[in-house]
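Student: model the following, please.
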Amino acid sequence: MNNRLEVEIPGLKMKNPLMPGSGTFGFGDTDRAKAVNLNQLGALVIKTTTPEKRVGNPDPKIALVPDGVLNSVGLTNPGVDVVVSEKLPKLRAQYPDLPMVGSIGGASINDYLEVAEKLANSRMLNALELNISCPNIQAGGMSFGTDPKQVELITKKVKSVTNDLPVYVKLTPNVTNIVEIAKAAESACADGLSMINTVLGMHIDIETRKPVLGNKMGGFSGKAIKPIAIRMIYQVAHAVDLPIIGMGGVSTPDDVIEMFLAGASAVGIGAAHFQDAKIIPHIAEKLTQTMDKLGIKSLTDLRKEVKEAFKNEN
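Tutor: Numbering: from 1, shown residues only. Reported below is the predicted structural model:
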């Protein structure tokens, strides 16, 4: 991989800036993941893990809608003990050098602490993502991520049990003031931010007169939410001094550059995989051409230029 695409953020030295959003590739065991040589990714974010097995929400869990995807999966996973004893060893054996991020979920602070400690102690991950922004569960998730005091508390507690493994806090867009949430994570010594998670949405089939999701409402992702993501990343990048993994509607090399211009240091891709299972290697392959066209020497240089421009703005 061309070193012009290399980026480095806490815990993650990546050959390119691209990673699938949590859940997109499961634990490297989904059909979508198997369609790709995972070594072509900059990093892999595994599916959000909870203390016990979760079967998730009622079917249908996913619905394709114009310009995006609605999902209400509900953090389906086999539980942290199975992830640590079976899923991660198999994945790490197959991809020993791939930077990997564990995603932590739960319904209580103790849930988050249990998962964080067990994932960190596995020593098979390079960083953790604190998912306090999932809109598809009744307890925990987004209910933590919308309250700055709770964000600070849970981030601080998780950091205390992770043996210095970097922790990225995943922010929800379903708030009035994204900056105060980001500042709360920063004050608790988060190592970085992932943003944004899905936007809470709903779609009703006018013929059946019923919602298209079994859980009625779910997280909306895809091209239509990119302007929201760009706005929020831009606001947060001006307010905190943390690396941001930007996500929300990315499907082209131009989108990746736009994320960097907004203040991101790496990029997550989710819904675009429904159109192209190999979207990450395809974007990575074309990204240098876009950089050439725009006179960008390297993504590291672009990050520095954007950061300096932001300082001058302030």
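Student: neighbours of K183, how many?
Tutor: Per other C-beta atoms under 10 Å, the neighbour tally for K183 reads 18. Every residue, glycine included, has its C-beta placed from N, CA and C.
Student: what's the distance between it and A224?
Tutor: 28 Å (C-beta to C-beta, to the nearest Å).
Student: with T172 instead?
Tutor: Taken as C-beta to C-beta, the span from T172 to A224 is 17 Å.
Student: same question for I109.
Tutor: 33 Å.
Student: could I have stretch 286-301 exported to PDB, CA atoms only?
Tutor: C-alpha atoms of stretch 286-301 as PDB (Å, rounded to 0.1, in the frame of the first residue of the first chain):
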ATOM      1  CA  LYS A 286      -8.400   5.300  -6.200                       C
ATOM      2  CA  LEU A 287      -7.600   7.600  -3.300                       C
ATOM      3  CA  THR A 288      -4.100   8.500  -4.500                       C
ATOM      4  CA  GLN A 289      -5.500   9.600  -7.800                       C
ATOM      5  CA  THR A 290      -7.900  12.000  -6.000                       C
ATOM      6  CA  MET A 291      -5.000  13.200  -3.900                       C
ATOM      7  CA  ASP A 292      -2.900  13.900  -7.000                       C
ATOM      8  CA  LYS A 293      -5.800  15.900  -8.500                       C
ATOM      9  CA  LEU A 294      -6.100  18.000  -5.400                       C
ATOM     10  CA  GLY A 295      -2.300  18.400  -4.800                       C
ATOM     11  CA  ILE A 296      -2.300  16.400  -1.600                       C
ATOM     12  CA  LYS A 297       1.100  14.900  -0.900                       C
ATOM     13  CA  SER A 298       0.000  12.500   1.900                       C
ATOM     14  CA  LEU A 299      -2.800  12.100   4.300                       C
ATOM     15  CA  THR A 300      -0.500  12.900   7.200                       C
ATOM     16  CA  ASP A 301       0.400  16.200   5.600                       C
END
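Student: now that stretch: average pLDDT?
Tutor: Averaging pLDDT along stretch 286-301 gives 98.
Student: contact partners of it?
Tutor: 2-8, 16-17, 253-254, 256-257, 260, 302 (C-beta atoms under 8 Å, 6 or more residues apart in numbering).
Student: out of those residues, which are inside helices?
Tutor: 253-254, 256-257, 260, 302 (DSSP state H).
Student: so I109 and A224 - more neighbours on which side?
Tutor: A224 (18 against 15).
Student: residue contacts, the closest residue to the more buried one other than its chain neighbours?
Tutor: Nearest in space to A224, with sequence neighbours left out and distances taken as C-beta to C-beta, 6 or more residues apart in numbering, is D67 at 4.0 Å. Counting by C-beta under 8 Å, 6+ apart, D67 makes contact with 222-224.
Student: could you flag which of the ones in helices among the contacts of stretch 286-301 are buried?
Tutor: 253, 256-257, 260, 302 (16 or more other C-beta atoms under 10 Å).
Student: would you reformat those residues as a markdown table and include distance to P281?
Tutor: Output for those, formatted as a markdown table (distance: C-beta to C-beta, whole Å):
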| residue | distance to P281 |
| --- | --- |
| P253 | 12 |
| V256 | 13 |
| I257 | 17 |
| F260 | 19 |
| L302 | 21 |
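Student: relative to E152, which of those residues is nearest.
Tutor: Nearest to E152, judged by C-beta to C-beta, of those is F260 at 27.8 Å.
Student: do you know the pLDDT at the closest one?
Tutor: 98.
Student: how close does the residue nearest to it when sequence neighbours are not counted get to K159?
Tutor: Once flanking residues are discounted, F260 sits nearest to L302: 5.3 Å by C-beta to C-beta, 6+ apart. Distance from L302 to K159, counting by C-beta to C-beta: 29 Å.
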